[in-house]
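Any chance you can model this:
(2 chains)
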Amino acid sequence: MQLSRTEKGDSAFKNQRVTAVMLVFLLLFFAWHIIKYHNAPRQEWVTWLHSPAIASIMILTMAAAFYHSFLGLKMVVEDYVHCKNLKRLSVFLLTLIHMFLALLCIVLIILL
Amino acid sequence: MHRSHSPQGSGLAQGRPLSPHLQVYCPQLTSILSILHRITGVMLSCGLLFMVFWLYSLFQGDVCYEKFLFWMHCWSVKMLLFVWSGALFFHLFNGIRHLAWDMGWGYELKQVYTSGYAVLVLTALATVIFWGMM
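Residues are numbered from 1 along each chain as shown, chains lettered A, B, ... in the order given. The predicted structure is shown next:
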């Protein structure tokens, strides 16, 4: 039991950093694109997202962003919510919301 | 020191003092940046909803996207976006600082302060440049 807990903490620590490194590059790419095309009409964005390479990059961005956000918020909840049941409930809700919104974004990119 | 006799529970429930003692704690650059990293992180999580709205309005069609753009150009939302972009750049640069620490770099007190000020300067620069280029 103790060992499996340690392993879990370990992987969360590692995953947080892996997604962080991914997001450094993905967000710089996205920020650069926003600077260039923020006033572009809708169709231009849709065409941009229709490219398989761009769609993949954006899906990766959303997945990494939501996972990183989940790990971060989970850490905050675990640090500041002291009541055990409330903590469990909050982490459960965080999981649910992040999974749903990440999936929603990915599906939207694919269906666009 | 006074000890309560509750059988089990957190330090808070047992009335033990929690460290750091925020009432008498003197804030320093290091501690401010540390808590700012958390605060901006939470802000960015909330801001991810912008991405959801953006993709959703793109999917919904021209009318919906026009409405989205209308809201985005409203001054209060623009203010929010400005703060959010600042939070993003801060979290980005301070995150790189944290990653460097994870690799064992920059642990000397002087380096910690230098990188801390560098993060603040870079954040201000990146935010201004980002909005200046728009």
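
okay, CA-based contacts and neighbour counts for the rest of this
OK.

can you tell me how far residue A:34 sits from chain B?
Computed with C-alpha to the nearest C-alpha, to the nearest Å, the distance linking residue A:34 and chain B is 8 Å.

okay, now that residue: neighbour count?
By other C-alpha atoms under 10 Å in any protein chain shown, 15 other residues sit near residue A:34.

Quick check: next helix or strand after the helix or strand containing it?
Using DSSP states H and E, residue A:34 sits within helix A:2-37. Going down the chain from helix A:2-37, the next helix or strand is helix A:42-50, by DSSP H and E.

What helices and strands are in contact with that following helix?
helix B:29-60 (3 or more C-alpha pairs under 8 Å, 6 or more residues apart in numbering or on different chains; DSSP states H and E).

Now tell me what touches the helix or strand just after the helix it packs on from outside.
From helix B:29-60 onward toward the C-terminus, using DSSP H and E, the following helix or strand is helix B:62-73. Helix B:62-73 is contacted from outside by A:42, B:53-54, B:57-58, B:77-78, using C-alpha atoms under 8 Å, 6 or more residues apart in numbering or on different chains.

angle of the helix or strand following helix B:62-73 against helix B:29-60?
Once helix B:62-73 ends, the next helix or strand along the chain (criterion: DSSP H and E) is helix B:75-102. Counting by axes from the mean of the first three to the mean of the last three C-alpha atoms, to 10 degrees, helix B:75-102 lies at 130 degrees to helix B:29-60.

which secondary structure elements does the following helix or strand past helix B:75-102 contact?
Per DSSP H and E, helix B:75-102 leads on to helix B:109-133 as the next helix or strand towards the C-terminus. Packing partners of helix B:109-133 (3+ C-alpha pairs under 8 Å, 6+ apart): helix B:29-60, helix B:75-102.

So which bits of helix B:109-133 are buried?
Across helix B:109-133, burial judged by 16 or more other C-alpha atoms under 10 Å in any protein chain shown covers B:112-113, B:115-116, B:119-120, B:122-123, B:126-127, B:130.

Closest one of the residues you listed to chain A?
Nearest to chain A among these: residue B:130, at 7.0 Å, using C-alpha to the nearest C-alpha.

Who are the contact partners of the residue lying closest to residue A:104 once chain neighbours are set aside?
Spatial nearest neighbour of residue A:104, chain neighbours left out: residue B:52 (7.7 Å); criterion: C-alpha to C-alpha, 6 or more residues apart in numbering or on different chains. By C-alpha under 8 Å, 6+ apart, the residues touching residue B:52 are A:101, A:104-105.

now do residue A:27
For residue A:27, the contact set (C-alpha under 8 Å, 6+ apart) comprises residue A:61.

Please read off the pLDDT at it from the model.
pLDDT, residue A:27: 92.

ok, the spatially most central residue of chain A to residue B:93 distance?
By C-alpha atoms, centre = their mean, chain A has its centre lying nearest to residue A:66, at 1.6 Å. For residue A:66, the distance to residue B:93 (C-alpha to C-alpha, to the nearest Å) stands at 19 Å.

before we move on, what about residue B:87?
For residue B:87, the distance to residue B:93 equals 10 Å [C-alpha to C-alpha].

cool, and residue A:23?
Taking C-alpha to C-alpha as the measure, residue A:23 falls 12 Å from residue B:93.

remind me which residues of chain A are low pLDDT?
For chain A, the stretches flagged by pLDDT under 70 are A:1-9.

Chain A against chain B: which residues are in contact?
Residues of chain A lying near chain B by C-alpha under 8 Å from any C-alpha of the partner chain: A:17, A:20, A:24, A:35-36, A:38, A:42, A:45-46, A:66, A:69, A:72-73, A:76, A:82, A:101, A:104-105, A:108-109, A:111-112.

Quick one, which of those are buried?
For the residues of chain A next to chain B, buried by 16+ other C-alpha under 10 Å: A:17, A:20, A:42, A:45-46, A:66, A:69, A:72-73, A:101, A:104-105, A:108-109, A:112.
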